[in-house]
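> Build the 3D model from these lines:
(one chain, ligands or ions: 2)
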Amino acid sequence: MAAARHYDLVIVGSGSGNSLVDERFDEWNVAIVERGVGSTGAYGGTCLNVGCIPTKMLAHTADTARAPGHGERLGLDLELRGAPWPAIRDRIFGRIDPIAAAGERYRAQENPNVTLYRGTARFTGERELAVETAEGTAALTADRVVVAAGSRPEAPQVPGLDGVGYHTSDSVMRLAEVPRRLIVLGTGFVGTELAHVFASLGSQVTVIGRSGLLLRHQDGEIARHFTELARQQWDVRLDRTVKEAGRRDGVVRLELDGPHGAETVEAEELLVATGRRPNADLVGAAAGGLALTDDGRIAVDATQAASVAGVWALGDVSSPYQLKHVANHEARVVQHNLLHPERPVRTDHRFVPHAVFSSPQVAAVGLTEEEARERGLDYTAAVHRYADIAYGWAMEDTTGFAKVLADRGTGRLLGAHILGPEAPTLIQPLIQALHFGLDPRAMARGQYWIHPAMPEVVENALLKLDLP
Ligand SMILES: Cc1cc2nc3c(=O)[nH]c(=O)nc-3n(C[C@H](O)[C@H](O)[C@H](O)COP(=O)(O)OP(=O)(O)OC[C@H]3O[C@@H](n4cnc5c(N)ncnc54)[C@H](O)[C@@H]3O)c2cc1C
Ligand SMILES: NC(=O)c1ccc[n+]([C@@H]2O[C@H](COP(=O)([O-])OP(=O)(O)OC[C@H]3O[C@@H](n4cnc5c(N)ncnc54)[C@H](O)[C@@H]3O)[C@@H](O)[C@H]2O)c1
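Residues are numbered from 1 along each chain as shown. Ligands and ions are numbered 1, 2, ... in the order given. This is a model prediction of the structure:
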């Protein structure tokens, strides 16, 4: 290995880590290390290449493919005449791949103060790294290191699983064709979003879960309604344990055990969506002297500083949230703290919202009713259905609702949960209310709500809160 090259700053990971370096770092000597994500080894991290962006481009396509099914209740006679997968896939990656390539080119060729290493970085000591590249191993030392190494899909230990050629979110969106049948193992964000995508574009989808509910970490009322609606679209098998996996004659078989005893499910393809593991191990965090949390993340304080001076971590490698808006927020905190170490700022994780772009859509912020109860809070909850607002009549929606929770003592909102069309958009005023401490009564009555628009479902839920 050649002598170590020294940098002012080394960044491991080009997802949210890529956004750190702007013109304020022009005088810094910076290295960015990226090993590549997905089957193309792309630059730019998970969200752009194999995460948020392609899944949402697919989810919107899937929503549109399902529109004819909704037409009947509006008196329309619609038909989906085709969903040519190669064209859909290539439209999406035809847009994403050039963005990733341009991002890489920009860092590699247009930033004179930045050196891009394409390879896997591993700590060899405090602020010391070895990078395995195609050209050999490079040794780097730095005054400061930012670990923004993300997470990767993790599959369960099931006999035979490794031999079946299963997919994860890293590969399934680039399949050559939509499989006739698809098994989705896992009932969280990835499983429910991609079940919606493939079911809407022509696959017969079987979803398998360990527990009794899909999206079981959501508010109980949301998870129960979502599960009921999912059963109308997919073959949903819950409370199941996968005993064994195999592939014969091009067909994947999973042997399950569940409430009805042993059963076998079959499909041409299997998507494993059972969670993501932080890449702290891959980056050799322990060799770098970095303390880890019990669940394997790099431990950081409220300023995103890790346990070794001069090392910061952000995003999925250190965050319990595994969400892009959280990674981006943490990146802005790290960026400030690199530039202004004398007056560090802290990350705000008080009200982290999330949304699931499945069928139906789900969005939430703050406490679930179960969490409010567990904390012994004196709370009040109110639900308003889309069916009971004018725009809900326009859509003939029969299943969507907004639920809000507030503390009776303080009058403050505790949480909000929406299931139904445009839930990720409708939740935004409630995120704002939580962040800025808006009184729900003032929020409901102190402003205009456009009539007859969908946010009236939020207005009416707020008005129903039983507050003094
Ligand atoms: C299918 C899917 C859909 C998603 N949808 C959403 C969504 O709708 N909304 C949302 O908020 N979040 C979503 N997420 C989560 C979101 O993508 C992540 O939270 C976010 O991308 C994390 O950003 P990051 O910068 O921490 O990590 P990443 O973007 O993963 O970046 C880490 C980078 O580090 C590189 N790397 C790792 N180890 C090393 C190493 N040792 N050496 C060199 N390079 C290394 C990786 O190759 C990667 O490019 C989704 C995730 C998935 C999988
Ligand atoms: N819209 C979004 O914001 C979005 C979309 C996709 C992913 N993400 C992020 O990516 C993360 C990873 O997504 P994910 O769906 O892989 O994880 P997840 O944690 O949401 O869901 C994993 C599911 O797999 C199940 N599971 C775990 N081990 C299992 C086993 N051995 N057998 C059967 N089931 C098992 C879990 O019970 C859970 O239902 C999410 O936590 C989320 O933060 C976000």
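
> near ligand 2, which residues of the stretch 151-300 of the chain show up?
With CB under 6 Å from any ligand atom as the criterion, the stretch 151-300 of the chain comes near ligand 2 at residues 156, 185-191, 193, 209-211, 273-276. (Glycine included, C-beta is placed from N, CA and C.)

> What segments of the stretch 301-450 of the chain are helices?
Secondary structure of the stretch 301-450 of the chain by DSSP state H, counting those that start in this stretch: the helices cover 324-339, 369-374, 390-395, 423-426, 428-436, 440-445.

> Of the ones you listed, which is nearest Leu256?
Smallest distance to Leu256 across the helices of the stretch 301-450 of the chain (CB to CB): 27.8 Å, for helix 369-374.

> For that closest one, what does the pLDDT average out to?
In this model, helix 369-374 has an average pLDDT of 98.

> mind listing what's buried in it?
369, 372 (16 or more other CB atoms under 10 Å).

> all helices of the stretch 151-300 of the chain, in order?
Taking DSSP H, counting those that start in this stretch as the criterion, the stretch 151-300 of the chain carries its helices at 189-200, 220-231.

> gap between stretch 347-358 and the chain center?
Mean-position distance between stretch 347-358 and its chain equals 10 Å (CA atoms, centre = their mean, to the nearest Å).

> Does that stretch reach ligand 2?
Yes - contact of stretch 347-358 with ligand 2 is found when judged by CB under 6 Å from any ligand atom, involving 354-357.

> Show the contacting residues for the residue most central in space within the chain.
Against the mean C-alpha coordinate of the chain, by CA atoms, centre = their mean, the closest residue is Leu323 at 4.8 Å. With contact taken as CB atoms under 8 Å, 6 or more residues apart in numbering, Leu323 is in contact with 352, 354.

> And for Leu282?
Leu282 makes contacts with 120, 122, 149, 152, as judged by CB under 8 Å, 6+ apart.

> and the gap between it and Ala387?
Relative to Ala387, Leu282 is positioned 48 Å away (CB to CB, to the nearest Å).

> And for Gly13?
Summarising the geometry, the distance separating Gly13 from Ala387, computed by CB to CB, is 45 Å.

> Could you pull out the buried residues of stretch 427-437?
427, 429-431, 433-434.

> Which one of the residues you listed is nearest to Arg24?
Sorting these by how near they are to Arg24, with CB to CB, puts Ile431 at the top with 28.9 Å.

> That closest one against Phe351, yeah?
Yes - under the contact definition of CB atoms under 8 Å, Ile431 touches Phe351, with a separation of 6.4 Å.

> how about the residues of this protein that lie near ligand 1?
12-17, 33-37, 45-47, 51-52, 55-56, 120-121, 148-150, 169, 190, 279, 282-283, 315-317, 322-325, 327.

> List only buried entries from those residues.
Judged by 16+ other CB under 10 Å, buried ones among those: 12-17, 33-37, 45-47, 51-52, 55-56, 120-121, 148-150, 169, 190, 279, 282-283, 315-317, 322-324, 327.

> Tell me which stretches of the stretch 51-200 of the chain form strands.
Applying DSSP state E, counting those that start in this stretch to the stretch 51-200 of the chain gives strands spanning 114-125, 128-133, 136-147, 151-153, 181-185.

> which strands and helices sit next to the second one?
Secondary structure elements in contact with strand 128-133, counted by 3 or more CB pairs under 8 Å, 6 or more residues apart in numbering; DSSP states H and E, are strand 114-125, strand 136-147.

> okay, those in JSON lines with distance to Leu414 and mean pLDDT next?
JSON lines is the format used below for those (distance: least, CB to CB, whole Å; pLDDT from 0 to 100):
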{"stretch": "strand 114-125", "distance to Leu414": "41", "mean pLDDT": "98"}
{"stretch": "strand 136-147", "distance to Leu414": "34", "mean pLDDT": "98"}
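
> on that earlier part again, with distance to Thr293 added, can I get the helices of the stretch 301-450 of the chain in TSV?
Written out in TSV, the entries for the helices of the stretch 301-450 of the chain read as follows (distance: least, CB to CB, whole Å):
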stretch	distance to Thr293
helix 324-339	15
helix 369-374	21
helix 390-395	43
helix 423-426	29
helix 428-436	26
helix 440-445	35
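
> State the number of residues packed around the residue in the chain that ligand 2 sits nearest to.
Distance from ligand 2 to each residue of the chain (CB to the nearest ligand atom) is smallest for Gly188, at 1.9 Å. Neighbourhood size, Gly188 [other CB atoms under 10 Å]: 18.

> Tell me which residues touch it, please.
The neighbourhood of Gly188, defined by CB under 8 Å, 6+ apart, consists of 215, 217, 273-275.

> Arg144 against Leu9, yeah?
Yes - contact between Arg144 and Leu9 holds when scored by CB under 8 Å: they sit 4.8 Å apart.

> where do the contact lists of the two overlap?
Any residue near both Arg144 and Leu9 by CB under 8 Å, 6+ apart counts here, and that gives Leu338.

> related to what we said a few turns ago, so which of the strands of the stretch 51-200 of the chain is the most surrounded?
strand 181-185 (a mean of 26; mean count of other CB atoms under 10 Å).

> Could you check the pLDDT of the residue lying closest to Ala453 once chain neighbours are set aside?
Excluding its sequence neighbours, the residue lying closest to Ala453 (CB to CB, 6 or more residues apart in numbering) is Tyr391, at 5.9 Å. Reading off the per-residue confidence, Tyr391 sits at a pLDDT of 98.

> Could you check how many residues crowd around Tyr391?
Each residue near Tyr391 was counted by other CB under 10 Å, and the total is 18.

> now it: how far from Arg81?
Computed with CB to CB, the distance linking Tyr391 and Arg81 is 29 Å.

> swap in Asp257?
In this view, Asp257 and Arg81 are 42 Å apart by CB to CB.

> Check Gln335 too.
Distance check for Gln335 against Arg81: by CB to CB, it reads 49 Å.

> and what of Thr380?
When distance is defined by CB to CB, Thr380 is 49 Å away from Arg81.

> more neighbours, the two?
For Thr380 and Arg81, the more surrounded residue by other CB under 10 Å is Thr380, and the numbers stand at 19 against 6.

> isn't there a helix covering Ala31?
No - following the definition DSSP: H, G, I helix; E, B strand; the rest coil, Ala31 is strand and is not counted among the residues of a helix.

> correct me, but it touches Asp8?
No - at 9.2 Å, Ala31 does not count as touching Asp8 under the criterion of CB under 8 Å.

> So those two - more neighbours on which side?
Ala31 (23 against 15).

> Report the separation between that one and Leu129.
With distances defined as CB to CB, the gap from Ala31 to Leu129 amounts to 9 Å.

> No further queries at this time; thank you.
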